[in-house]
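> predicted model follows, preceded by the sequence.
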Amino acid sequence: MTTLYMGADKETIAKYVLFSGDPWRVEVVKQYLDEPKKVAFMREFNTYTGKYKGVDITVTSTGIGAPSAAIAMEEMYEAGMEVAVRMGTVMSMQDDMLGHFMIPVAAMRREGTSQAYVDLSYPAVADIDLVNTMNETVTAMGKRYLNGLNCTMDGFYSHMHDSRFSLEWGRDMSKTFEEVKKLGVTGIDMESSCIMTLGRLMGVKTCILTLVTVLENLKETLKGQERKDAEDLLCRTALEGIYNYHMKQQK
């Protein structure tokens, strides 16, 4: 039987799975796959399986936030996933990282979904071999990377960016950024800690490959063609990183 929300099964899903928040970024990845086969596009979950340099890889989307990311992790695990890489975007706390990569070694669990699985004392930690391989791959692609500490939150407009409502209610976003920077956090997103926590619990090798597209409170962003080119680079880097990891495992 296929899974409830994603329509996946062990016949259609590879052991290597790329997770993208954006369903349409999956279509970019698809262009770089040989023999891509559509698994399903259900709700926010757009899924293909194909080959990259001869390696079977599944790419799927999670939508925004930890709850749907957890569903994606659960259903890909049910279908046989062994290695998981989140390729996404991240808000940087460092102004010099715009357009470069963050590959966090761990994350603060300030989203609520992972707490439904395990106590907050359990760490959200990446697989070190995957991290090292992604570091090497980013360098080969001509970009810089930072192995910092991430912080995953649930509320974009309550913690990460001003909105009409947040301003009416007197929420001060600067307090969030001041606090996390004091704690040594380099980036904020909405999925990573949940994905790493579940990956560790499941015994799935997991890491996060994120491209900095915005700075704190969107004070500077990548736009237009620059953003499009950055997204394309993210997709190519993720695929190349999985291929490089696969080849290391064969030695």
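Cool, the structure landed.
> which stretches of the chain aren't confidently modelled?
Along the chain, the model assigns pLDDT under 70 to no residue.
> please repeat the previous calculation with a cut-off of 90.
Where the chain drops to pLDDT under 90, the residues are 1, 251.
> mind listing the strands for it?
With DSSP state E, the ranges of strands along the chain come out as 16-20, 34-42, 45-52, 55-61, 83-92, 101-102, 106-110, 124-125, 145-146, 149-153, 185-189, 205-215.
> adding mean neighbour count and distance to residue 244, write those strands out as CSV.
Any C-beta I mention is one placed from the backbone N, CA and C, and that applies to glycine too. Output for those, formatted as CSV (neighbours: other CB atoms under 10 Å; distance: least, CB to CB, whole Å):
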stretch, mean neighbour count, distance to residue 244
strand 16-20, 26, 12
strand 34-42, 15, 17
strand 45-52, 22, 11
strand 55-61, 24, 10
strand 83-92, 25, 12
strand 101-102, 26, 15
strand 106-110, 23, 22
strand 124-125, 22, 21
strand 145-146, 21, 14
strand 149-153, 24, 22
strand 185-189, 24, 23
strand 205-215, 25, 12
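> closest one to residue 234 among those strands?
strand 205-215 (4.5 Å; CB to CB).
> quick check: the most centrally placed residue in the chain vs residue 180, distance?
Nearest residue to the geometric centre of the chain (CA atoms, centre = their mean): residue 86, 2.8 Å. Relative to residue 180, residue 86 is positioned 19 Å away (CB to CB, to the nearest Å).
> try residue 205
27 Å.
> now do residue 35
43 Å.
> how about residue 220?
Distance, residue 220 to residue 180, by CB to CB: 18 Å.
> and if you look at residue 249?
According to CB to CB, residue 249 and residue 180 sit 35 Å apart.
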